[in-house]
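[1] Sharing a model that was predicted from the sequence below.
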Amino acid sequence: MSLLLAVALPLAALALVTQGGRAAAWGRRLAALAPLALLVPLVAGERVDWGWALLGVGLGTEAWLQPFVILTALAWSAAGLFALDTVDGDARRFWQGWTASLAGMALALFAQTLVTFYLGYVVVSLAAYLLIVHVRSDAAWRAGRVYLVLALVGEAAIISGASYFGNAALPLVATSTAAPAAEAARWLLLVGFAVKLGIVPLHMWLPLAHPIAPVPASAILSGVIVKAGLLGWLKLAPPQGPDVLAGASALVAIGLVTAFAGVLLGLAQAKLKTVLAYSTISQMGLVLVGFAAFGMQPADDRWLAALGLLALHHGLTKGSLFLACGCAPGASRARQLLLALPALSLAAAPLTTGFLAKVWLKRGVAAGIELGHLPGVTETLLSLTSTATALLMWRLWVLAQRERDADAAVHPAWALLTLLALSVPWLWASHAGLLVTPTVESVWAAIWPLLVAAGIVTAAARLGRPGVRLPEGDVVGLFERAAARVPAPPLAEPRRPGHATQHRAAWGGLVRTLESTLRDIPMVGLVMLLVGGLISLVLFVG
């Protein structure tokens with residue numbers, strides 16, 4: 001019953017916020033607290049198996065899901081409380097996207113069959129579009145277009161890969177044979193879910209969506225929703241799968257490229273939320289390194305738990321940093337401290353949750369080197385990612401000092417999520433047996449990359465050279481400029497409108513009127529896309 005409640009509460013909130021008036025007000029309050037219901041199934045440990053429901057619904061809990069469920073419950077609730085007091089404009093559209101994406105995330109978390117997972121995943125993907133275009137500005141529509149194009153590319157790869165397995169139970173997908181067709185299917189799944197994670201070069205939607213989305217939406221997009229891609233990897237193409245080892249080195253290389261590219265692109269930005277968006281890209285590169293490196297090891301639940309720890313640390317920390325963007329973080333020393341602590345944790349400073357997660361990541365890479373699967377330089381490059389992150393956090397700090405509006409309130413949700421980010425990963429690590437005793441060697445390994453970053457900052461300040469600036473979305477601008485240079489086809493000579501032409505004009509006017517009407521109903525487009533997704537599911541399962 002608790003599993004159904006976790007999915008039903010967001011759907012109930014969705015129904016209420018769509019009504020308007022007093023019902024919508026109750027729906028918004030329910031939406032802010034509904035994520036906490038995700039924690040109940042962790043205790044109850046029940047399963048749901050509805051073979052009669054459409055293509056079948058299978059839900060259940062597993063031990064390795066705990067950090068993902070905790071992250072979703074805590075970060076989504078804190079951001080929801082923040083949204084209650086800060087979201088303006090078309091609030092109905094925002095809360096529809098908010099509640100629908102939460103329902104989809106609950107399905108994806110607890111899914112035990114491929115179709116159940118994909119249904120939840122596609123709901124998350126499509127509902128997130130409503131959060132991105134919330135303000136309805138030209139920049140918002142542009143960000144939404146880029147997001148949808150990349151999302152549909154990812155969905156095509158996922159459907160193509162998933163069609164090989166059919167509506168199988170996820171454990172069967174994870175343990176299927178290493179036949180060439182199964183291997184090709186898994187690589188399609190890896191590519192498809194990499195879009196959600198923002199792995200380079202599929203990252204372009206993140207730096208466009210985050211600056212334009214409301215602050216609480218950015219917090220869950222970056223802190224939680226990107227982890228849906230990692231969930232897809234772990235459920236459908238797990239790191240211990242039979243084909244992973246063959247391409248593990250390539251995945252580690254792509255992860256490191258993403259980690260450094262996210263920082264280099266982020267350093268050339270001038271907005272707080274854009275810098276944080278590129279930081280998420282960089283951190284998801286580290287997640288890919290962990291996914292590949294842990295998959296090289298003999299089957300051991302500790303490696304999977306360590307990957308969950310990395311996701312939990314990043315999600316809570318990044319959610320806190322995004323909420324800071326809505327609270328004028330440079331206005332006082334207390335606010336600067338609330339910003340600095342999670343920023344240091346993201347850079348893996350000693351004794352932070354980031355330090356603990358990085359220790360396990362380094363252990364996975366070191367084990368891969370010992371087994372001969374990775375070159376020795378990988379460990380040094382992994383350490384230098386802390387230098388890169390520290391430089392990006394310094395850029396964030398400099399930009400934050402300009403946000404000094406003393407009239408902007410410090411929302412309690414920001415302080416709460418910061419406290420959770422600094423403590424919850426430690427508590428869960430203790431529960432999972434992942435605590436490590438800091439040694440002189442491990443502390444020094446965490447300090448020297450930060451000292452290198454401090455040296456680079458000092459040298460740059462003395463040189464005083466102007467920084468390079470890049471547009472948000474980087475290569476998206478190049479694509480748009482190239483498309484603008486494509487000549488338009490010549491227009492046909494005008495002719496007198498005949499009978500058929502008049503009918504076409506009449507039908508065209510009717511279609512435009514219908515389209516204009518549909519645009520005023522935010523959920524129509526979402527429902528149409530969902531129906532298309534269900535049709536696709538029927539096709540590949542059949």
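    Nice, I can see it.
[2] which residues of this protein score low on pLDDT?
    Residue ranges of the chain with pLDDT under 70: 44-45, 48-57, 89-90, 165-180, 239-246, 298-299, 465-467, 472-474, 477-542.
[3] From the centroid of it, which residue is nearest?
    Within the chain, the residue whose C-alpha comes closest to the C-alpha centroid is residue 226; the distance, by C-alpha atoms, centre = their mean, is 1.3 Å.
[4] check contacts around it.
    Neighbouring residues of residue 226 by C-beta atoms under 8 Å, 6 or more residues apart in numbering: 196, 197, 198, 206, 280, 284. (Each C-beta comes from the backbone N, C-alpha and C, glycine too.)
[5] Mind picking the two most distant members of those residues?
    Farthest pair in those (C-beta to C-beta) is 196 and 280. Separation: 11.4 Å.
[6] Residue 407: how many residues sit nearby?
    Neighbourhood size, residue 407 [other C-beta atoms under 10 Å]: 6.
[7] where does it land in three-state SS?
    State at residue 407, reduced to three classes by DSSP: H, G, I helix; E, B strand; the rest coil: coil.
[8] Could you check how far it is from residue 323?
    Relative to residue 323, residue 407 is positioned 18 Å away (C-beta to C-beta, to the nearest Å).
[9] just residue 201 next, same as before
    When distance is defined by C-beta to C-beta, residue 201 is 29 Å away from residue 323.
[10] Look at the two and report which has more neighbours.
    The neighbour comparison of residue 201 against residue 323 (other C-beta under 10 Å) goes to residue 323, with 30 against 12.
[11] Give me the distance between the helix or strand harbouring the more buried one and the centre of its chain.
    In the assignment (DSSP states H and E), residue 323 maps to helix 301-324. For helix 301-324, the separation from the chain centroid amounts to 11 Å (computed by C-alpha atoms, centre = their mean, to the nearest Å).
[12] For it, name the packing helices and strands.
    helix 66-86, helix 215-220, helix 227-236, helix 272-295, helix 333-346, helix 353-370, helix 412-432 (3 or more C-beta pairs under 8 Å, 6 or more residues apart in numbering; DSSP states H and E).
[13] Can you add mean neighbour count and distance to residue 17 and give the ones you listed back as JSON lines?
    As requested, those are arranged in JSON lines below (neighbours: other C-beta atoms under 10 Å; distance: least, C-beta to C-beta, whole Å):
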{"stretch": "helix 66-86", "mean neighbour count": "24", "distance to residue 17": "12"}
{"stretch": "helix 215-220", "mean neighbour count": "28", "distance to residue 17": "15"}
{"stretch": "helix 227-236", "mean neighbour count": "25", "distance to residue 17": "22"}
{"stretch": "helix 272-295", "mean neighbour count": "27", "distance to residue 17": "25"}
{"stretch": "helix 333-346", "mean neighbour count": "20", "distance to residue 17": "30"}
{"stretch": "helix 353-370", "mean neighbour count": "22", "distance to residue 17": "34"}
{"stretch": "helix 412-432", "mean neighbour count": "20", "distance to residue 17": "19"}
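[14] and of the ones you listed, who's closest to residue 470?
    The closest approach between residue 470 and any of the helices and strands packed on helix 301-324, judged by C-beta to C-beta, belongs to helix 272-295 at 9.7 Å.
[15] helices or strands up against the closest one?
    Using 3+ C-beta pairs under 8 Å, 6+ apart, the elements in contact with helix 272-295 are helix 180-197, helix 205-212, helix 215-220, helix 227-236, helix 244-266, helix 301-324, helix 353-370, helix 377-400.
[16] between the ones you listed, which gets nearest to residue 140?
    Each of the helices and strands packed on helix 272-295 has some distance to residue 140 by C-beta to C-beta; the shortest is helix 205-212, at 4.8 Å.
[17] okay, that closest one in PDB with CA atoms only?
    Once non-C-alpha atoms are left out, helix 205-212 reads as follows in PDB (Å, rounded to 0.1, in the frame of the first residue of the first chain):
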ATOM      1  CA  TRP A 205      20.000  21.400 -22.500                       C
ATOM      2  CA  LEU A 206      21.300  21.800 -19.000                       C
ATOM      3  CA  PRO A 207      22.900  25.300 -19.300                       C
ATOM      4  CA  LEU A 208      19.900  26.600 -21.200                       C
ATOM      5  CA  ALA A 209      17.200  25.100 -18.900                       C
ATOM      6  CA  HIS A 210      18.600  26.000 -15.500                       C
ATOM      7  CA  PRO A 211      19.100  29.800 -15.900                       C
ATOM      8  CA  ILE A 212      15.500  30.200 -17.200                       C
END
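[18] Now do that helix against helix 180-197: the angle between them, please.
    Computed with axes from the mean of the first three to the mean of the last three C-alpha atoms, to 10 degrees, the direction of helix 205-212 lies at 20 degrees from that of helix 180-197.
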